[in-house]
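Undergrad: Make a model of this:
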Amino acid sequence: MEVEYKNIRHMLEERARLDGEKVYIAFYDRELTYEQFNEQVNRFANGLLSLGVKKGDIVYIHLTNCPEHLIASLGTIKIGAIAGPINTLLKAEEIKYELNDSKGKVLVTESLFLPIVEEMKPGLEHIQKIIELGDAVKEGNISFHELIEKNSPKLKKVKIGYDDLAFIFYTSGTTGKPKGALLNHGNVLNTMIGLRKALNPPGEEESEEQNCALIFLPLFHVNAMMSLISGIQRALKIVLLRRFSVREFGPAIEKHGCEFFSAVPKVYKILLEARDTVQQCDLSSLKFGVCGAAPMPVETIREFEKVYGVEMMEGYGLTEATVASTRPRRGGKKKIGSLGPALDGQEVKIMDPEGKLLPSGETGEIVIRGPSLMVGYYGLDEETKQTLRDGWLHTGDIGYMDEDGFFYIVDREKDMIIKGGENIYPKEIEDAISKHPAVYDAAVIGIPDKVSGEEVKAFVVPRIGKKVTPEEIIEFCQKELAEFKVPKEVDLVLGIPASAVGKSLKRKLREGEGIVRLSEESEIENPGMIFQIMPSQFKKEKAGNWSAIIQYELYGKNEGVWSLVIKEGNIELIEGKSPTPATAIVRMYNQAFRQLIERKIDGATAINSGQIQIEGSEADVAMFFEVMG
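TA: Here you go, the predicted model:
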């Protein structure tokens, strides 16, 4: 597959030359054209050179969504160095591990994260310079803004080829400690071409009108970062938001005429619930939505396409293959529930454990081959060899391909349980357990067994307010599953450890990390006082005409119900249930409430893990979090 650019730097510079006056990034009231953006990138790149950064060095980018994130990333890449986006949801110890693991010299952060930086600073083994984005920069740190201001917009040439490294993305660590996946310029450029062909229907390539994309997924994730780089290749206008916001979604599309957006399944669910609010805006420019990171329920896809009148594009990919490997073609054949066929330039197949490629209809491991495959994991030769074998990327995902070349996922290979020679897929058991009316979520793993090799163990999050016992779960499974699949052990837990996009971290369950059993009691003094403070934190100007009733229910030693009534920009606290039914009920146990108060977990983590359970409109809960801060 022919690549039209020499490297990522060449792509940006060509875009600035050809379309310099066009807007590249619109970030609230701020806009940067391609020419302005390229100049800012050059200034930052020269700043890095003045600090001694060389080709091949790693520069970590620890910023929230903002233009500076991309300026720093592209500035790093332009001098042949490696950009390392850091997950802003991580704690100090987790970030320290990544920085020490890959030995980068420079950390770009912002004032908001200084407490985390100061906490991990004594343990950082290789960081020499800290660049800080903010108005009042800490003594000893380098001001991001001053670095831009005092350096030239002219950048000297650096020899960069397809094989030179561009990014290091740390994987979420669902099967072990996070690993740094290394992507080179060729990986990125080849993936851009495949995505462009999938997302542009025939004839649209010739259009001279500038298209627009809405991006709100975090830039530390390969999905959002590659979406922004794809924007450069396609001369798109990118409307960038700090995060997903029900309140900002519709107005952004109306103001800029956005053609598409990319999101995780939970966002689509929230948008469906918030349809009355979102559809008050003009969404006529919106043509399609891209979904990834986790499987989307078929019912959600059908309902979203019907309600919003847009095409849904669900695909499959992973960091190790530069974000995307399958995707249906816009305007082409599509099968709801499928992940689509392979992107142009990539081979996607199904393989058995002996390395034999399987025909359509047979289940095996999904494997990928092509120029989008990562170079390897930083400093992990054995893990790289295990993942990249005989030219194929072994994804660890179990699936099958139909007669039309469309792919479907069944489960994770590494999660598969082998009991007495029988292969057991945990997802089948999880789906069965989830049918129980008292179950909110479930995760199943294999545990060592002297007789069978492995046995089945289930971690079950009950619906808050419902009673269920391990024995009842086992009895329920006996009616739903073959006897050899029935869990031998069942643990009732407060929540299941999950990643930022809601994937269960079964590694932590196997290692016994992050498990809080329901039997572990916790007590909170005067929880009502916390709710009494909430109205004072309410941001009236953000609420506008939005109305909702959010009912909090606390369970455990300190039980209680509190309702927050929002109407026409005002808020009222009622102790107990509101006379008018709540639009959303937020339930949690004392243990979760205490962790939130002590800031040991944040709201998103609590929701993803099941420690906070929502009945009713998740959109109203998301909006409530926005107007409270």
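Undergrad: How much space separates the residue nearest to residue 523 when sequence neighbours are not counted from residue 6?
TA: Nearest residue to residue 523, sequence neighbours excluded (C-beta to C-beta, 6 or more residues apart in numbering): residue 557, at 4.8 Å. All C-beta spots, glycine's among them, are computed from the backbone N, C-alpha and C. From residue 557 across to residue 6, the span is 65 Å (C-beta to C-beta, to the nearest Å).
Undergrad: swap in residue 550?
TA: Distance, residue 550 to residue 6, by C-beta to C-beta: 54 Å.
Undergrad: Neighbour count for the two, which is higher?
TA: When neighbours are counted by other C-beta atoms under 10 Å, residue 550 and residue 6 differ, and residue 550 comes out ahead with 26 against 16.
Undergrad: Please look at that one and residue 562 and confirm they touch.
TA: No: at 9.1 Å, residue 550 does not count as touching residue 562 under the criterion of C-beta atoms under 8 Å.
Undergrad: care to break the protein down by domain?
TA: For the chain, the structural domains run 1-241, 416-511, 528-627, going by automatic domain parsing.
Undergrad: Out of the ones you listed, flag the one nearest residue 330.
TA: Within the domains of the chain, the stretch nearest residue 330 is domain 1-241; the backing value is 4.6 Å (C-beta to C-beta).
Undergrad: I'd like the mean pLDDT over the closest one, please.
TA: This predicted structure assigns domain 1-241 an average pLDDT of 93.
Undergrad: That domain: how far from the chain's middle?
TA: Relative to the chain's own centre, domain 1-241 is displaced by 17 Å; criterion: C-alpha atoms, centre = their mean, to the nearest Å.
Undergrad: Going forward, the N-terminal residue is numbered 19.
TA: All set: I'll call the first residue 19, so the last point we hit is now domain 19-259.
Undergrad: need the contact list for the residue lying closest to residue 396 once chain neighbours are set aside.
TA: Of all residues not flanking residue 396 in the chain, residue 198 sits nearest, at 3.6 Å (C-beta to C-beta, 6+ apart). Neighbouring residues of residue 198 by C-beta atoms under 8 Å, 6 or more residues apart in numbering: 102, 116, 119-120, 186-188, 395-397.
Undergrad: hang on, the earlier thing: out of the domains of the chain, which is the most enclosed?
TA: Using mean count of other C-beta atoms under 10 Å, the stretch among the domains of the chain with the largest mean neighbour count is domain 19-259, at a mean of 19.
Undergrad: where's residue 91, which helix or strand?
TA: With elements delineated by DSSP states H and E, residue 91 resides in helix 85-96, which encompasses its position.
Undergrad: For residue 501, grab phi and psi.
TA: phi -60, psi -40 (degrees, to the nearest 10).
Undergrad: any idea how far residue 454 is from it?
TA: 18 Å.
Undergrad: how close does residue 439 get to residue 373?
TA: 21 Å.
Undergrad: one step back: out of the domains of the chain, nearest to residue 305?
TA: When those are ranked by distance to residue 305, counting by C-beta to C-beta, first place goes to domain 19-259 at 9.0 Å.
Undergrad: Export stretch 81-89 to PDB, keeping only CA atoms.
TA: Only the C-alpha atoms of stretch 81-89 are listed here, as PDB (Å, rounded to 0.1, in the frame of the first residue of the first chain):
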ATOM      1  CA  LEU A  81      -1.900  16.700  30.000                       C
ATOM      2  CA  THR A  82      -5.700  16.900  29.900                       C
ATOM      3  CA  ASN A  83      -7.300  17.400  26.500                       C
ATOM      4  CA  CYS A  84      -6.100  20.700  25.100                       C
ATOM      5  CA  PRO A  85      -4.200  21.900  22.000                       C
ATOM      6  CA  GLU A  86      -1.000  21.900  24.000                       C
ATOM      7  CA  HIS A  87      -1.200  18.100  24.300                       C
ATOM      8  CA  LEU A  88      -1.000  17.700  20.500                       C
ATOM      9  CA  ILE A  89       1.600  20.600  20.200                       C
END
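Undergrad: contacting residues around it?
TA: In this structure, residues lying in contact with stretch 81-89 by C-beta under 8 Å, 6+ apart are 43, 45, 48, 50, 55, 58-59, 62, 79, 90, 103, 106, 126-128, 130, 151, 162, 166, 233-234, 236-237, 242, 246, 258-261.
Undergrad: which ones among these are found in strands?
TA: Among the contacts of stretch 81-89, the members found in strands (DSSP state E) are 43, 45, 48, 50, 79, 103, 126-128, 151, 233, 258.
Undergrad: Could you verify that residue 415 is part of a helix?
TA: No: checked against DSSP: H, G, I helix; E, B strand; the rest coil, residue 415 lies outside a helix; its state is strand.
Undergrad: ok, the nearest residue to it once chain neighbours are set aside to residue 429 distance?
TA: Counting by C-beta to C-beta, 6+ apart, residue 384 is the residue found nearest to residue 415 once chain neighbours are left out, at 4.7 Å. For residue 384, the distance to residue 429 (C-beta to C-beta) stands at 11 Å.
Undergrad: Now for the two: what residues contact both?
TA: Any residue near both residue 384 and residue 429 by C-beta under 8 Å, 6+ apart counts here, and that gives 415-416.
Undergrad: Quick check: residue 44 touching residue 249?
TA: No: with contacts counted by C-beta under 8 Å, residue 44 stays clear of residue 249, the gap being 11.3 Å.
Undergrad: where do the contact lists of the two overlap?
TA: In terms of C-beta under 8 Å, 6+ apart, residue 44 and residue 249 are both contacted by the residues 255-256.
Undergrad: For residue 499, which residues are in contact?
TA: So residue 499 contacts 446-447, 450 (C-beta under 8 Å, 6+ apart).
Undergrad: Swap in 7 Å and give it another go.
TA: Each residue near residue 499 by C-beta atoms under 7 Å, 6 or more residues apart in numbering is listed here: 447, 450.
Undergrad: ok, the nearest residue to residue 167 once chain neighbours are set aside to residue 338 distance?
TA: Sequence neighbours aside, residue 61 is the residue nearest to residue 167 in space, at 7.7 Å (criterion: C-beta to C-beta, 6+ apart). With the distance defined as C-beta to C-beta, residue 61 ends up 33 Å from residue 338.
Undergrad: and the residue nearest to residue 415, helix, strand or coil?
TA: Following three-state DSSP, the label given to residue 384 is strand.
Undergrad: List the beta-bridge partners for it.
TA: Legend: beta-bridge partners of residue 384 under DSSP bridges are residue 368.
Undergrad: How about the contacts made by it?
TA: The contact partners of residue 384, taken as C-beta under 7 Å, 6+ apart, are 366, 368, 413, 415, 417, 425.
Undergrad: and of the residues you listed, the nearest to residue 478?
TA: Using C-beta to C-beta, residue 415 comes nearest to residue 478 of the contacts of residue 384, at 24.3 Å.
Undergrad: right, and the closest one touches residue 428 too?
TA: No: when contacts are counted by C-beta atoms under 7 Å, residue 415 is not listed as touching residue 428 (8.1 Å).
Undergrad: Can you give me every residue that contacts residue 493?
TA: When the contact criterion is C-beta under 7 Å, 6+ apart, residue 493 has no partners at all.
Undergrad: Tell me the secondary structure at it.
TA: Reducing the assignment to helix, strand or coil with three-state DSSP, the entry for residue 493 is helix.
Undergrad: Quick check, pLDDT for it.
TA: Per-residue confidence for residue 493 comes out at a pLDDT of 95.
Undergrad: Would you mind measuring from it to residue 461?
TA: For residue 493, the distance to residue 461 - C-beta to C-beta - is 20 Å.
Undergrad: so residue 205 touches residue 390, yeah?
TA: Yes: counting by C-beta under 7 Å, residue 205 touches residue 390, with 5.4 Å between them.
Undergrad: ok and the longest helix seen in the chain relative to helix 85-96, angle-wise?
TA: For the chain, the helix reaching the highest residue count under DSSP state H is reported as helix 52-68. Calculated by axes from the mean of the first three to the mean of the last three C-alpha atoms, to 10 degrees, helix 52-68 forms an angle of 60 degrees with helix 85-96.
Undergrad: got a list of what the closest residue to residue 55 other than its chain neighbours touches?
TA: Closest residue to residue 55 in three dimensions, ignoring its sequence neighbours and counting by C-beta to C-beta, 6+ apart: residue 42, at 4.9 Å. Neighbour list for residue 42: 50-52, 55, 255-256 [criterion: C-beta under 7 Å, 6+ apart].
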